[in-house]
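>>> structure of the sequence below:
(one chain, ligands or ions: 1)
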Amino acid sequence: MKQPIPRYWPLFAVLFTLPAATAELIPDPAHDCEYCEGWSRTREPIRIYGNTWYVGGGVSAVLITSRDGHILIDGGLTQTAPQIAANIAKLGFRLEDVKLIINSHTHYDHAGGIAALQRASGAQVAASPAAKRALESGGPTEDDPQFGFGPAHNNFPAVANVRAIKGGETLHVGDIAITVHFTPGHTPGGTSWTWTSCQASQCMNMVYADSLNSVSAPDFKFSADAQRVKTFERSIDSVASLECNILLTPHPEAFDLEAKAARLAAAPTPNPFIDSNACKAYAAGARERLAKRLAEERAMP
Ligand SMILES: [Zn+2]
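You can find the predicted model right below:
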C-alpha cells in the first residue's frame, strides 16, 4: 500500500517554514460624518524626529519605532486604518512589529481604526480604565460630553482585550519607554503620552497631548458638575507643565503639521517641530476655550 504522508510532507514543511506573509489589514466599514472626508485624506508618512514618525492622514497616527518592536498611537477613522498600515510599510517597517497600540481618546476619529489595526498586527492595546470601557464597548461612555450625539454618530468597532493602565505608569516596547498621563476632560478616559526620541546625540522630550477641547453634544453642560470642571482644568495644567520639546496632537492642525512638514522638507535644521513653548501654548488655548464655554453656559437661561 502506498504511503501518502511522505509524498505530502515536504510541501507542509515548506509551508510552515516560509517567513510570515505581510500582515493584511481588513478594514471595518467606513464611518460617515460631516468632517470624515477631510479627516480621511491621505498623506505621505514623515519622520518627525529620531524614531518618531507621522503615519496618519487628516487625523494623526504616530509610530515610535525600535529594533525590537514599535508603538502606534491612535488608529484614526475606520477608513484611515489601511492608510496607516500602508504608511508604516512605506517607511520600511512591518505592521506585525507593532507590539502596542495606544490612544488619545475614545472617539470614532481616533479609535475607529484600532480594532482592524489590532487584528492585523496582533498588537496589545492598552488604555486608561475609562478608555478601556469605551474601547471594549465600541463607543463613548455615558459620562462622555459627546455621548448625547448618539450611537450612529459616535460608535466605532469594539476593541477586544484592552489592558488597563495606570496614570504615571511607563510602558516599554524594545528600548522605547512611554509614560501615561491621564488628561480627562474632552473624554473621561483621555490620555496624553510622553517619551524621548534621539537624533544624532540630541534627545527631545516628545509629547502626544490629547485633545483638550470642551466640545459636547447639545444639552450637555460642563458647568453642571464642578468636579468635572476642576478635573478638566487640572488636565490642562498638567499638559502645560510637561517637559516638552516637540508637541504632537490627535488633530494635526493643532500642531501645525503641514506648515512644519513643508519647512522640514525645505531645510531639516533647525527641525521646525522643536518648540519648547508648544505645550504651554496648546494648554493656554484650551484654558481660554474652556473659560469661554463655561461663561456661555452660565449666561444661558
Ligand atoms: Zn474627540
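
>>> residues contacting the most centrally placed residue in the chain?
Closest to where the C-alpha atoms of the chain average out (Cα atoms, centre = their mean) is residue 74, at 2.1 Å. Taking Cβ atoms under 8 Å, 6 or more residues apart in numbering, we find residue 74 in contact with 56, 59, 60, 61, 62, 102, 103, 104, 110, 111, 114, 250. The way it works is simple: take the backbone N, C-alpha and C, and place the C-beta from them, glycine included.

>>> return the residues in contact with the fourth one.
Just to be clear, that refers to residue 61. With Cβ under 8 Å, 6+ apart, residue 61 has these contacts: 54, 55, 72, 73, 74, 75, 76, 80, 84, 87, 113.

>>> how near is residue 256 to residue 282?
11 Å (Cβ to Cβ, to the nearest Å).

>>> for residue 106, that is, sorry about that
When residue 106 is compared with residue 282 (using Cβ to Cβ), they lie 20 Å apart.

>>> who's more crowded, these two?
residue 106 (32 against 22; other Cβ atoms under 10 Å).

>>> in three-state terms, label that one for me.
When classified by DSSP: H, G, I helix; E, B strand; the rest coil, residue 106 comes out as coil.

>>> do I have it right that it meets residue 136?
No - using Cβ atoms under 8 Å as the test, residue 106 is too far from residue 136 to be in contact (9.8 Å).

>>> what segments of the stretch 151-300 of the chain are strands?
Ranges of strands within the stretch 151-300 of the chain are 162-164, 170-173, 176-182, 191-199, 202-208, 246-248, based on DSSP state E, counting those that start in this stretch.

>>> what lines up beside the second one in the sheet?
The one in question is strand 170-173. strand 176-182 (antiparallel) (DSSP bridges).

>>> quick check: angle from the strand it pairs with to strand 191-199?
150 degrees (axes from the mean of the first three to the mean of the last three Cα atoms, to 10 degrees).

>>> for strand 176-182, list the C-alpha coordinates in CSV.
Below are the C-alpha coordinates for strand 176-182, written out as CSV (Å, rounded to 0.1, in the frame of the first residue of the first chain):
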residue,chain,number,x,y,z
ILE,A,176,11.0,52.7,24.0
ALA,A,177,9.7,53.9,27.3
ILE,A,178,6.4,55.8,27.0
THR,A,179,4.7,57.4,30.0
VAL,A,180,1.0,57.6,30.6
HIS,A,181,-0.6,60.9,31.7
PHE,A,182,-4.3,60.8,32.4
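
>>> begin at 12 from now on, thanks
Okay, residue one is now 12; in that scheme the one you just asked about reads as strand 187-193.

>>> do you know the pLDDT at residue 311?
On pLDDT, residue 311 comes in at 87.

>>> and it, how far from residue 305?
Separation of residue 311 from residue 305 (Cβ to Cβ): 11 Å.

>>> comparing those two, which residue is more hemmed in?
Remark: of residue 311 and residue 305, residue 305 carries more neighbours, 17 against 7, as counted by other Cβ under 10 Å.

>>> leaving out chain neighbours, which residue sits closest to that one?
Among residues not flanking residue 305 along the chain, residue 234 sits closest, at 5.2 Å (Cβ to Cβ, 6 or more residues apart in numbering).

>>> and residue 132, by the same measure?
Nearest residue to residue 132, sequence neighbours excluded (Cβ to Cβ, 6+ apart): residue 109, at 4.4 Å.

>>> how about low-confidence regions in this structure?
12-33 (pLDDT under 70).

>>> in it, where's the longest helix?
helix 289-310 (DSSP state H).

>>> count the residues that sit near residue 224.
17.

>>> and residue 224, how far from residue 300?
6 Å.

>>> err, residue 206, not the other one
Distance, residue 206 to residue 300, by Cβ to Cβ: 27 Å.

>>> which of those two has more neighbours?
Between residue 206 and residue 300, counting by other Cβ under 10 Å, residue 206 is the more crowded of the two (21 against 15).

>>> perfect, that will be all.
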